[in-house]
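K.L.:
sharing a sequence plus its predicted fold:
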Amino acid sequence: MATAAASTTFSLLHSTTTSSSSSTTSPSRLRLTSAFRVRPLRGFAAADPLLAVTVAARVGRVRERKGARLEVSMAKKSVGDLGASDLKGKKVFVRADLNVPLDDNQNITDDTRIRAAIPTIQYLIKNGAKVILSSHLGRPKGVTPKYSLAPLVPRLSELIGLQVVKADDSIGPEVEKLVSSLPDGGVLLLENVRFYKEEEKNDPEHAKKLASLADLFVNDAFGTAHRAHASTEGVTKYLKPSVAGFLLQKELDYLVGAVSSPKRPFAAIVGGSKVSSKIGVIESLLEKVDILLLGGGMIFTFYKAQGLSVGSSLVEEDKLDLATSLLAKAKEKGVSLLLPSDVVIADKFAPDANSKVVPASAIPDGWMGLDIGPDSVKSFSEALDTTQTIIWNGPMGVFEFDKFAVGTEAIAKKLADLSGKGVTTIIGGGDSVAAVEKVGVANVMSHISTGGGASLELLEGKELPGVIALDEATPVAV
Ligand SMILES: Nc1ncnc2c1ncn2[C@@H]1O[C@H](COP(=O)(O)OP(=O)(O)O)[C@@H](O)[C@H]1O
Ligand SMILES: O=C(OP(=O)(O)O)[C@H](O)COP(=O)(O)O
């Protein structure tokens, strides 16, 4: 039943002979020299072997083999490795990332993440499994009705092609009752797993309760793979097998390949509002990219660090020193780091706010920056014209308000245009993807990733706990 081709594997050939037979080597002990060549097994270009190895070694294991061959493997068992004999009648706990944007009336404004979860769910249904589907939505503190998964049920049912049953909780007797009445091929959607604080704490007792609902685990939540939470990492300790879903696999296949061997010049565009989690990523990005463009809520911390006044814009006060050192590091590394030269400011955070364009150095008190200005769009576009690979995470402004969507839309159109000219364009993150969908150019991008933070962490070469915890695939012969 096992299909080795479903796994993501790098093969390394060493120029000198190694003696041992099939012993496992710690990634940190692997000596990387120019003598290594990376032979990609599954369509990976490998112009940057060192990075390819670093990424692979951090995600998986390194095996030393007889005959001068080293295999670096991030091969995880896949749901495609399981067939009807493994799945029929089995209760399968599926963690997806259904964290979709909702408007004030609880309408889904972009269903990309739901659509992306469907292939795994349908595969399980087809093979007679009972699907127990779980996800988070937003960042609730305790039970918060506006973060219920209930608004997702109609679209989910429509896309799957059968009526999804919704539980009001993610654990407990009521949920157990619903699980026991679930037919083979049925789907039960649990309530937002983050209604329990134990979820994000990765509390083992809580993970055990979630796991007790099922026989095996499929993680398809790429967007949350960088979080070690009870429903992503904790449950793997109690459910065997724990395998990767098709989306998780597809994302890793594409992103590891793209970031290990980017066609250069390589640019990253980072924006959005999750400043504290993304500003740290910039340090590692400076090691990898040739050009770094910053937009969104991120920029005001940099302006303030340079002594500019930022009015009431979003600022992370405790990251000012970091911003200063990042600017210095960019210079030292020869990375072209561009901050917007002008911004669109608003007198309140609302769609009907008064707005004007000002130079970045002239934000008055009481006003806040909610988009990048036209000069910035021009200079960003010129910089992007020189590139061959672009990864974009985080909108340039508050694109949900039409008045402040211009910068984001212009960058989305620019990337679409460059994509048509052969530039590799990778868009990551729930809101960034929603912005690209809104402009109607998602289908021309090289890759739409369902994970913003997750794709950036992968690019950094960090371990993704939700991936690491999954079962290893049967090693592939090299
Ligand atoms: N200047 C800004 N001030 C406040 N919020 C902003 C600003 N620019 C962008 N945002 C907000 O950032 C959010 C997306 O951020 P984030 O979650 O980091 O992106 P993604 O989901 O693509 O990873 C959007 O809701 C957008 O309104
Ligand atoms: O939207 C998400 O991440 P992203 O905004 O980095 O793409 C994921 O659902 C993870 O959410 P989290 O950052 O609240 O853990």
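P.N.:
On my side now, so go ahead. Ligands and ions are numbered 1, 2, ... in the order given.

K.L.:
when you work out contacts or count neighbours from here on, use the C-alpha atoms and nothing else.
P.N.:
OK.

K.L.:
and the chain, which residues reach ligand 2?
P.N.:
When proximity is defined as Cα under 6 Å from any ligand atom, the chain approaches ligand 2 at 97, 99, 138-139, 223-224, 429-430, 451-453.

K.L.:
possible to save those residues as JSON lines with distance to residue 206 and neighbour count?
P.N.:
Below are the residues of the chain next to ligand 2 laid out as JSON lines (distance: Cα to Cα, whole Å; neighbours: other Cα atoms under 10 Å):
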{"residue": "97", "distance to residue 206": "19", "neighbour count": "24"}
{"residue": "99", "distance to residue 206": "21", "neighbour count": "24"}
{"residue": "138", "distance to residue 206": "20", "neighbour count": "15"}
{"residue": "139", "distance to residue 206": "18", "neighbour count": "13"}
{"residue": "223", "distance to residue 206": "21", "neighbour count": "26"}
{"residue": "224", "distance to residue 206": "18", "neighbour count": "27"}
{"residue": "429", "distance to residue 206": "28", "neighbour count": "24"}
{"residue": "430", "distance to residue 206": "27", "neighbour count": "27"}
{"residue": "451", "distance to residue 206": "25", "neighbour count": "27"}
{"residue": "452", "distance to residue 206": "27", "neighbour count": "27"}
{"residue": "453", "distance to residue 206": "25", "neighbour count": "24"}
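
K.L.:
among the residues you listed, which are within reach of ligand 1?
P.N.:
Near ligand 1, by the rule Cα under 6 Å from any ligand atom, you find 429-430, 452 out of these.

K.L.:
want to throw the residues you listed into CSV with secondary structure, distance to residue 458 and pLDDT?
P.N.:
Rendered in CSV, the data for these read as follows (DSSP: H, G, I helix; E, B strand; the rest coil; distance: Cα to Cα, whole Å; pLDDT from 0 to 100):
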residue, secondary structure, distance to residue 458, pLDDT
429, coil, 13, 86
430, helix, 16, 84
452, helix, 10, 90
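
K.L.:
between the residues you listed, which is nearest residue 289?
P.N.:
The nearest member of these to residue 289, counting by Cα to Cα, is residue 452 at 16.9 Å.

K.L.:
any idea how far the closest one is from residue 111?
P.N.:
Distance, residue 452 to residue 111, using Cα to Cα, to the nearest Å: 16 Å.

K.L.:
ok, residue 199 - contacts?
P.N.:
193, 206-207, 229-231 (Cα atoms under 8 Å, 6 or more residues apart in numbering).

K.L.:
what about 6 Å?
P.N.:
229-230 (Cα atoms under 6 Å, 6 or more residues apart in numbering).

K.L.:
show the pLDDT at it.
P.N.:
Per-residue pLDDT puts residue 199 at 98.

K.L.:
surely residue 96 touches residue 133?
P.N.:
No - if you go by Cα atoms under 6 Å, residue 96 and residue 133 don't touch, sitting 7.1 Å apart.

K.L.:
what about the two, which has more around it?
P.N.:
residue 96 (30 against 22; other Cα atoms under 10 Å).

K.L.:
check what pLDDT that one gets.
P.N.:
pLDDT for residue 96: 98.

K.L.:
list phi and psi for it.
P.N.:
For residue 96, the backbone dihedrals (degrees, to the nearest 10) come out as phi -120, psi 170.

K.L.:
so what's the closest residue to residue 452 other than its chain neighbours up against?
P.N.:
Distances taken as Cα to Cα, 6 or more residues apart in numbering put residue 429 closest to residue 452, at 3.4 Å, once the chain neighbours are dropped. Under the criterion of Cα under 6 Å, 6+ apart, the contact list for residue 429 reads 393, 450-452.

K.L.:
for these, which one is nearest ligand 1?
P.N.:
Nearest to ligand 1 among those is residue 452, at 4.3 Å by Cα to the nearest ligand atom.

K.L.:
which residues are in contact with the closest one?
P.N.:
For residue 452, the contacting residues are 393, 428-429, by Cα under 6 Å, 6+ apart.

K.L.:
over to residue 434?
P.N.:
residue 110.

K.L.:
then it would be within a helix, right?
P.N.:
Yes - secondary structure assignment places residue 434 in a helix (DSSP: H, G, I helix; E, B strand; the rest coil).

K.L.:
where's it relative to ligand 2, distance?
P.N.:
10 Å (Cα to the nearest ligand atom, to the nearest Å).

K.L.:
would you mind measuring from that residue to residue 449?
P.N.:
Taken as Cα to Cα, the span from residue 434 to residue 449 is 11 Å.
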